[in-house]
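S.K.: predicted coordinates and the sequence they were generated for:
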Amino acid sequence: MSINRITTFFSTQTAKDSFISVSGQITAGFLGAIYYALAARNLGLTNFGIFSLVVATATIIKDIIDPGINAALLRFIPGESNQHQVHSYIKYTAFIKLGYFALIIPLFFLFQRPLSLIIFKQTTLGLIPLTLALSLSFSLGFFLSGIFQSHRRFVADAIFTAAQPVVRLFLIAILILIRFTTIQSFLIVNIAAYLIVSAIALFIITTQFLSARISLHTKSRTRAFLPPMIVSTAAGTLNDRINLYLTNYFTTTNQVGLLSSASHLFTPTRQIAGSLSNVFASRFSSYSTPKQAHTYLQKALLLVSLLSLGLLSTSFFARPIISLIYGPEFLPATILFRLYTLAFSLYLLQVPFTSILLYFKGRSDLMAALSFFQLFLTIVFNLILIPNSGAQGAVVSFILVQLASLFVTAALGFFTPSHHHG
């Protein structure tokens, strides 16, 4: 890896787009970590565990409501020159999202008592409506971000991404000043911040798509793309969060609190990975030849390799980071933080391979299969490791899954033939 090659890379449009997008994600991730630190300090270890289960459940519901919607926007819009067709894609995906809202909301309220017992191991019906409201606010923000990214408006997306945690921290400061710090108040603040920022973003995004006619071309391409993504999204979101539920089932909410506190410190890493994936998507979707795609893949791999090395170096500062952010009650999470640095380094290295597989080669079918492979490994490793090792077993399981996934995604990214591109 020569210095000249690195210098040349940082002068490319890829690096510029990535820098803009990642800057917004880093800011949002850093401010998000402060939010979760404040929640942990003010709620205590046990209540923070319950709070973390609410947020995890809201995220799962959001992913069920968004079954590959943003992936479809990023797959089809960057390479589309016909603006009517662009607006057609946005309107059609918005209708799909509204349809899922109409289906999910009544089911969620109908089964809220058994859901409460499954999620919290107790009947806490007061948290169920807030969980649903939080998931809907997540979904709206996620969709608006996808529109910005699909149009390559990375500056607008970075501002939008960073604005929500700024508003949230402002509202949290008010709660702390008036000493009204409960699980419910922290959740309401999160919901309010998303709604405020999303309302402002709606004025920036063009509303021309509202009057667009949805073409048969839009329907056929989207319908062909989405089914595997629905499966992939469902499996992927369970894979990311099932460790919290299994840890709660086999151990205590204290262990959930420790696991969640360490995991939330890597929220910036997850957001950076998502941001990079969206930047890579807009490029891979616009390429027409394998040579173009594989040249870009090399640049993407160089970038994520540098980021992974930087992430690994933070493991040396695990104890002071945990102590400073969460306080002495959470110091047992130090070993979890160190293990997570390795896990998320492997996680970052997969992003270029999944991006070329999905957005250039159009292999959403393989992404669905990969998600089920990851989910199977996650369940098996968690069931083996969590009962004996608690939260530490959950993180070791995550490392093993990411290592296996890296080998598989690399092989698929390099050697899988494309579906017809475009």
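M.R.: That came through, no problem.
S.K.: show me where the stretch 151-300 of the chain has helices.
M.R.: Counting by DSSP state H, counting those that start in this stretch, the stretch 151-300 of the chain has helices at residues 154-177, 183-204, 216-250, 253-264, 267-284, 290-313.
S.K.: Ala391: which of these is closest?
M.R.: Checking those against Ala391 by C-beta to C-beta gives helix 253-264 as the closest, at 4.0 Å. (C-beta placed from N, C-alpha, C; glycine too.)
S.K.: about what we covered before: most tightly packed of the helices of the stretch 151-300 of the chain?
M.R.: Compared across these, helix 253-264 shows the largest average neighbour count, a mean of 26 (mean count of other C-beta atoms under 10 Å).
S.K.: what comes into contact with that one?
M.R.: Helix 253-264 is contacted by residues 32-33, 36, 40, 45-46, 48-50, 52-53, 56, 243-244, 247-248, 322, 326, 330, 332-333, 336-337, 340, 390-391, 394-395 when judged by C-beta atoms under 8 Å, 6 or more residues apart in numbering.
S.K.: buried ones among the residues you listed?
M.R.: Neighbour-count burial within those applies to 32-33, 36, 40, 45, 48-50, 52-53, 56, 243-244, 247-248, 322, 326, 330, 332-333, 336-337, 340, 390-391, 394-395; the criterion is 16 or more other C-beta atoms under 10 Å.
S.K.: still on that earlier bit, the helices of the stretch 151-300 of the chain: lowest mean pLDDT?
M.R.: The weakest mean pLDDT among the helices of the stretch 151-300 of the chain belongs to helix 216-250, with a mean of 76.
S.K.: which other helices and strands does that helix contact?
M.R.: Under the contact criterion of 3 or more C-beta pairs under 8 Å, 6 or more residues apart in numbering; DSSP states H and E, helix 216-250 touches helix 13-65, helix 69-76, helix 83-110, helix 253-264, helix 364-415.
S.K.: for the fourth one, C-alpha coordinates in CSV please.
M.R.: Presented in CSV, the C-alpha positions along helix 253-264 are these (Å, rounded to 0.1, in the frame of the first residue of the first chain):
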residue,chain,number,x,y,z
THR,A,253,-31.2,-6.8,32.3
ASN,A,254,-27.9,-5.8,33.9
GLN,A,255,-26.1,-7.9,31.4
VAL,A,256,-28.2,-6.4,28.6
GLY,A,257,-27.3,-3.0,29.9
LEU,A,258,-23.5,-3.8,29.8
LEU,A,259,-23.8,-5.3,26.3
SER,A,260,-25.9,-2.4,25.0
SER,A,261,-23.6,0.2,26.5
ALA,A,262,-20.5,-1.2,24.7
SER,A,263,-22.5,-1.8,21.5
HIS,A,264,-23.8,1.8,21.4
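S.K.: now the angle from that helix to helix 364-415?
M.R.: Using axes from the mean of the first three to the mean of the last three C-alpha atoms, to 10 degrees, the inter-axis angle of helix 253-264 relative to helix 364-415 is 50 degrees.
S.K.: go on, the first one?
M.R.: Taking the same axes, to 10 degrees, one finds that helix 13-65 is oriented at 150 degrees with respect to helix 364-415.
S.K.: pLDDT of helix 13-65, averaged?
M.R.: Predicted confidence along helix 13-65 averages 78 (mean pLDDT).
S.K.: report the distance from that helix to the chain centre.
M.R.: With C-alpha atoms, centre = their mean, to the nearest Å as the basis, helix 13-65 stands 9 Å off its chain's centre.
S.K.: and if you look at the shortest one?
M.R.: The chain centroid and the centroid of helix 69-76 are separated by 15 Å under C-alpha atoms, centre = their mean.
S.K.: swap in the fourth one?
M.R.: Average the C-alpha atoms of helix 253-264, do the same for its chain, and the two points are 18 Å apart (C-alpha atoms, centre = their mean).
S.K.: hmm, back to that, TSV for the helices of the stretch 151-300 of the chain, including distance to Leu383?
M.R.: Listed next are the helices of the stretch 151-300 of the chain as TSV, based on distance: least, C-beta to C-beta, whole Å:
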stretch	distance to Leu383
helix 154-177	35
helix 183-204	29
helix 216-250	7
helix 253-264	15
helix 267-284	24
helix 290-313	28
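S.K.: compare those helices and give me the one nearest Leu140.
M.R.: Of all the helices of the stretch 151-300 of the chain, helix 183-204 sits nearest to Leu140, with 4.9 Å by C-beta to C-beta.
S.K.: in stretch 355-373, what counts as buried?
M.R.: Within stretch 355-373, the residues scored as buried using 16+ other C-beta under 10 Å are 355-364, 366-373.
S.K.: what do you get for stretch 376-394?
M.R.: Of the residues in stretch 376-394, those buried under the neighbour-count criterion (16+ other C-beta under 10 Å) are Leu377, Thr378, Ile379, Phe381, Asn382, Leu385, Ile386, Gly390, Ala391, Gln392, Gly393, Ala394.
S.K.: could you identify the most distant pair in these?
M.R.: When the buried residues of stretch 376-394 are compared pair by pair using C-beta to C-beta, the farthest-apart members prove to be Leu377 and Gly390, with a separation of 19.3 Å.
S.K.: contact partners for Ile26?
M.R.: For Ile26, the set of contacting residues under the criterion of C-beta under 8 Å, 6+ apart consists of Pro268, Gln271, Ile272.
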